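Asks: For reference, the sequence and a predicted model appear below.
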Amino acid sequence: MPIRQLKTAARLTGLIVAVVASLWVYRAYLARSLPDLQIWHTHELESEFRAADFPEGISYQDYAALERRLFDELDSVVYSSASSLGLFNRYNTDSEAFPGVAGQRWNRSFEMGKELPAGGVLLIHGASDSPYSTRALAKLLNDAGLYVLSIRLPGNGTIPSGLRDANLNDWLAITRMGVKHVRESIGPSLPLYVAGYSVGGALAVDYTLDSIEHEEWETPDRLFLYTPAIGVSSAARFSSWDLALSQFPIFEKFNWLSVEPEFDPYKYNSFAKTAGHITYLLTERLNRKLANLADPSLLPPIMTFQSLVDSTVRVPALLDNLYARLPNNGSELVLFDINRRHDLEPFIDDVERDLVNRLDNNPDNSFSYTLVTNESGDSMQMVARTRAQGAKAFDTVALNMAWPGSVYSLSHVSLLFEPDDRWYGSTESDGFVLGTLAPRGETAILTAPIGRFMRLRYNPFFDYLAERTLRFCEACIVAGN
């Protein structure tokens, strides 16, 4: 290339870099207008688990002891300083939103034992979440005969700054620890399962792929996935640029995607960009392994429940990156459709219609497929349309369930919560129930986005999810007999 053209290309490249850098700095400057950061955004938890401090791993007993010190630190540093910060502040022990109001503080790891278990299961929650999101599932599986361990992923269940300081290796290490502890608790021969919600689902699949490569690791007999984060927005790859700028004190708030009031007892409202970056790294790591998997027949059967519409994860990635690679091993997929009543059609963007068409029109899938949907466009009653693996036609079963009034879809955060959940359900009570909040007033003045209150927090079809979960759980069936 002539020198003149090289100089022109260099100037053009420099101009592009300068424009992009200027835009990035401008976005960081705009982030300074976010609400003031509170102690739960700025305090660095000294007692939190760091994988780098435990190169040989950690036992569950030691992790539980470390977790107790962590929550003692929270009590002494955060809760003690938030006592006057409002009736709906989760860090005020006198608040309606304090996680201890309903008894056990479910934002830490917990076990549910069985004297003679039929098997064991590890439950893994999602990012910005806590073990509370697995509570109903834990009780279901424990009542069915399983020993249950629900682990808290480091950085979660405490204060939002925990995710600002989190690391993917921390989550991977605790997942390995959890599987090992379940095996030790049930003995060498009983079935062992792993169930994951959102990011927990991605961790479950990632661990399983690693276990295939490491003979000394325990490969789960079955996986249960609930809205798993198999794919996320590609924009998440650039979050590391934001994190680099946020290291400068003047741009401290650029580390936050949102800074909101913390009125949810078991899930952060403020969201650190580090969590999105970790999730992106995890999904990239996971999908590389799936693409390079030499022998898919080594994968265990997988049961997945997914809302057709999901603003947190990319639903098509579940089919393209995971289910398209599964062998014929008895895996199942259950999709919860949008409300297809005719009079709602003008208000709904049917963004995943192509995905439903792909599944409906491909009888050669290597898995069983169920769509939970309206009986007809004139009805709110629900049916389950199932095509077993290898079958050409669908079997349709009427369900004794219907869409609640004004509900047009499930959501990423709704699947694992029962309609009567103390915090997220639909039942009115004397206490503070997030699932029934419906603020009214002028738009654009709330410090929390109105979408947070609109998003469905419970699953009106939880009983169907529970029934299908138990049907897929071979150890539960044996215990029931």
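Replies: Perfect, thanks for sending it. Residues are numbered from 1 along each chain as shown.

Asks: Distance-wise, check the residue nearest the centre of the chain relative to Ile445.
Replies: Centroid-nearest residue in the chain: Ser198, 2.4 Å away (criterion: C-alpha atoms, centre = their mean). Distance, Ser198 to Ile445, by C-beta to C-beta, to the nearest Å: 31 Å. Where you see a C-beta, it was placed from the backbone N, CA and C, and this is true even at glycine.

Asks: ditto for Ser379
Replies: From Ser379 across to Ile445, the span is 39 Å (C-beta to C-beta).

Asks: Just say helix, strand or coil for the residue nearest to the residue nearest to the centre of the chain when sequence neighbours are not counted.
Replies: Taking C-beta to C-beta, 6 or more residues apart in numbering, and ignoring the residues beside it in sequence, Ser198 has Gly126 as its nearest neighbour in space, at 3.0 Å. Under DSSP: H, G, I helix; E, B strand; the rest coil, the three-state class of Gly126 is coil.

Asks: List the residues that contact the residue nearest to the centre of the chain.
Replies: Neighbour list for Ser198: 125-127, 129, 226-229, 312-313, 412 [criterion: C-beta atoms under 8 Å, 6 or more residues apart in numbering].

Asks: what about Asn400, helix or strand, and which?
Replies: Per DSSP states H and E, Asn400 falls inside strand 395-402.

Asks: where does the stretch 351-481 of the chain have low pLDDT?
Replies: Residue ranges of the stretch 351-481 of the chain with pLDDT under 70: 428-431, 481.

Asks: any idea where the strands of it begin and end?
Replies: Along the stretch 351-481 of the chain, counting by DSSP state E, counting those that start in this stretch, strands occupy 368-374, 381-387, 395-402.

Asks: ok, and for stretch 272-291, which residues are buried?
Replies: Within stretch 272-291, the residues that count as buried by 16 or more other C-beta atoms under 10 Å are 272-283, 285-287, 289-290.

Asks: Distance from it to the middle of the chain?
Replies: Relative to the centre of its chain, stretch 272-291 is centred 13 Å away, using C-alpha atoms, centre = their mean, to the nearest Å.

Asks: follow-up on the earlier one: show me what the strand holding Asn400 is packed against.
Replies: When contacts are defined as 3 or more C-beta pairs under 8 Å, 6 or more residues apart in numbering; DSSP states H and E, strand 395-402 sits against strand 381-387, helix 462-472.

Asks: so which of the ones you listed comes closest to Asp72?
Replies: Closest approach to Asp72 among the helices and strands packed on strand 395-402 (C-beta to C-beta): helix 462-472, 34.6 Å.

Asks: Just the CA trace of that closest one, in CSV.
Replies: C-alpha atoms of helix 462-472 as CSV (Å, rounded to 0.1, in the frame of the first residue of the first chain):
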residue,chain,number,x,y,z
PHE,A,462,-45.9,-23.7,39.2
ASP,A,463,-47.9,-26.8,40.0
TYR,A,464,-47.3,-28.0,36.4
LEU,A,465,-43.6,-27.2,36.6
ALA,A,466,-43.5,-29.1,39.9
GLU,A,467,-45.3,-32.2,38.5
ARG,A,468,-43.0,-32.3,35.4
THR,A,469,-39.9,-31.8,37.6
LEU,A,470,-40.8,-34.8,39.8
ARG,A,471,-41.7,-36.9,36.7
PHE,A,472,-38.2,-36.4,35.4
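
Asks: Could you check the angle that helix makes with strand 381-387?
Replies: Angle between the axes of helix 462-472 and strand 381-387 is 20 degrees (criterion: axes from the mean of the first three to the mean of the last three C-alpha atoms, to 10 degrees).

Asks: closest to Tyr408 out of the strands of the stretch 351-481 of the chain?
Replies: strand 368-374 (11.3 Å).

Asks: What lies in contact with that closest one?
Replies: So strand 368-374 is contacted by 330-337, 339-341, 356, 359-360, 380-389, 399, 403, 461, 464, 468 (C-beta under 8 Å, 6+ apart).

Asks: tally of neighbours for Val397?
Replies: Residues contacting Val397 under the criterion other C-beta atoms under 10 Å number 12.

Asks: For it, give the beta-bridge partners.
Replies: Judged by DSSP bridges, the bridge partners of Val397 are Ala384.

Asks: Could you double-check that it sits in contact with Met382?
Replies: No - using C-beta atoms under 8 Å as the test, Val397 is too far from Met382 to be in contact (9.8 Å).

Asks: And Phe88, how far from Leu434?
Replies: Distance from Phe88 to Leu434, by C-beta to C-beta: 10 Å.

Asks: More neighbours: which of these two?
Replies: Leu434 (22 against 17).

Asks: from what I can see the more buried one touches Arg457, true?
Replies: Yes - the pair Leu434 / Arg457 is scored as a contact, 5.9 Å apart, by C-beta under 8 Å.

Asks: what about the nearest residue to Arg105 once chain neighbours are set aside, how many residues close to it?
Replies: Using C-beta to C-beta, 6+ apart and skipping the chain neighbours, the partner closest in space to Arg105 is Pro99 (5.0 Å). A count of neighbours around Pro99, defined by other C-beta under 10 Å, yields 22.
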